[in-house]
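In: Provided below are the primary sequence and the corresponding predicted coordinates.
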Amino acid sequence: MNNVSSPSFEFLPGSPNSPVILHVPHSSRVIPADVRAGITLDDAGLERELDHITDSHTAEIAAAAAVRAPVTPWRFVNRLSRLVIDPERFPDGREEMLSVGMGAVYTRTTHREELRPAGHDGQPLIERYFHPYAAAMTDAVAERLAAVGRAVVVDVHSYPTAPLPYELHGHGPRPPICLGHDDFHTPPELLAQAEKAFADFGGTGVNSPFRGAYVPLAYYGTDPRVSALMVEIRRDVYMSEPGGPAGPGLAALADAVARLVEAVGAGTAG
């Protein structure tokens, strides 16, 4: 498959034999001008919010891991900020983050302040950005299923060392590596492979402070051929917080992600 892209996302091809899709949904700071116009923060406030909400440098971690992996994984990268839309939220009332104004279209900030005015209608952004993104990600998974009989979505995220006010589950452990697990889509062997791959960073935990894993809704809860794992990296492991430069931890993390990709892909038929 050739590179598939739009102004809001990019699907970068890997090996025809790889089941792995590295998904990077929150690494960008880009906000189109017309979307920026609907955000109430001033420019300085918006930059501060982007520092807190962006999973900085995670696209670079995934890109470096793809180069290091013996069998190249596929990569699906969001090229717009999650302040445009968050592609990993439910686009309806199932989304628990609606309680803090952070559904598919955010209306509140990480500090629970106003991001968009009261009564803001997020549906046009969902139609313009969320649905095309979801459709392309669904197609990406369908292609891996058709090619190798399975798909493994590995989300690459990061999270702050100290909890932010928007976090619903921020009171729990904050290990260097948090592994988001889904009861249906995360088989025990996938979790074990991730724990082994990230064993050198001072500890891993499961579903704290963030839980679950992303699966396109067409497959969610119904197709066991689609596996998923969320890798949440505590930001002090590899960067200066908030929103600062990456440090030497980035290369080590890329190596770990590459080890996970290799382990997950082992045994896939050619």
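Out: Arrived safely, thanks for sending.
In: Show me where the protein dips below the pLDDT cut-off.
Out: Low-confidence segments of the chain, defined by pLDDT under 70, are located at 1-6, 267-270.
In: Just the helices from it, written as ranges.
Out: With DSSP state H as the criterion, the chain has helices at 33-36, 43-53, 58-68, 123-125, 131-148, 188-197, 249-265.
In: Which of those sits closest to G101?
Out: In terms of CB to CB, the element of the helices of the chain nearest to G101 is helix 43-53, at 12.5 Å. Heads up, the C-betas are built off the backbone N, CA and C, glycines and all.
In: contacting residues for the nearest residue to R75 once chain neighbours are set aside?
Out: If the residues on either side of it in the chain are set aside, R75 comes closest to L12, at 4.2 Å by CB to CB, 6 or more residues apart in numbering. L12 makes contact with N3, A66, W74, R75, F76, V77, according to CB atoms under 8 Å, 6 or more residues apart in numbering.
In: Tell me the one of these nearest N17?
Out: W74 (11.0 Å).
In: Counting neighbours, what do you get for the closest one?
Out: Around W74 sit 24 other residues, with neighbours defined as other CB atoms under 10 Å.
In: Verify the contact between it and N17 for me.
Out: No - using CB atoms under 8 Å, W74 makes no contact with N17, being 11.0 Å away.
In: Quick check on the residue nearest to Y133 when sequence neighbours are not counted: phi, psi?
Out: Spatial nearest neighbour of Y133, chain neighbours left out: P87 (4.7 Å); criterion: CB to CB, 6+ apart. With angles defined as degrees, to the nearest 10, P87 sits at phi -70, psi -10.
In: Going through the contacts of L12, which ones are buried?
Out: When the contacts of L12 are checked for burial by 16 or more other CB atoms under 10 Å, the buried set is A66, W74, R75, F76, V77.
In: How about the contacts made by the first one?
Out: With contacts defined as CB under 8 Å, 6+ apart, A66 is in contact with L12, G14, L22, T72, P73, R75, A258, V261.
In: so how far is D255 from it?
Out: Using CB to CB, to the nearest Å, A66 is found at 12 Å from D255.
In: what does the third one give?
Out: When distances are taken as CB to CB, R75 and D255 turn out to be 17 Å apart.
In: Pretty sure V77 sits against A62.
Out: Yes - A contact is recorded between V77 and A62 when judged using CB under 8 Å, the distance being 7.2 Å.
In: Overlap in contacts, these two.
Out: Taking CB under 8 Å, 6+ apart as the criterion, V77 and A62 both touch V24.
In: sorry, back to before: need the contacts of L12 in JSON lines (columns: distance to E189).
Out: Formatted as JSON lines, the contacts of L12 follow (distance: CB to CB, whole Å):
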{"residue": "N3", "distance to E189": "31"}
{"residue": "A66", "distance to E189": "22"}
{"residue": "W74", "distance to E189": "21"}
{"residue": "R75", "distance to E189": "23"}
{"residue": "F76", "distance to E189": "23"}
{"residue": "V77", "distance to E189": "27"}
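In: tally of neighbours for A37?
Out: Counted with other CB under 10 Å, A37 comes out at 8.
In: Give me the neighbour count for Y220.
Out: Residues near Y220, counting by other CB under 10 Å: 16.
In: Repeat that for the one 4 residues further on.
Out: Using other CB under 10 Å, P224 has 11 neighbouring residues.
In: now do G45
Out: Residues lying near G45 (other CB under 10 Å) number 14.
In: again with L260
Out: By the measure other CB under 10 Å, the count of residues near L260 is 26.
In: all strands for the stretch 101-250 of the chain, in order.
Out: Counting by DSSP state E, counting those that start in this stretch, residue ranges of the strands within the stretch 101-250 of the chain are 151-159, 177-180, 204-206, 226-234.
In: now those strands as a markdown table including mean neighbour count and distance to A44?
Out: Compiled in a markdown table, the strands of the stretch 101-250 of the chain are given as follows (neighbours: other CB atoms under 10 Å; distance: least, CB to CB, whole Å):
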| stretch | mean neighbour count | distance to A44 |
| --- | --- | --- |
| strand 151-159 | 25 | 23 |
| strand 177-180 | 24 | 30 |
| strand 204-206 | 17 | 35 |
| strand 226-234 | 25 | 26 |
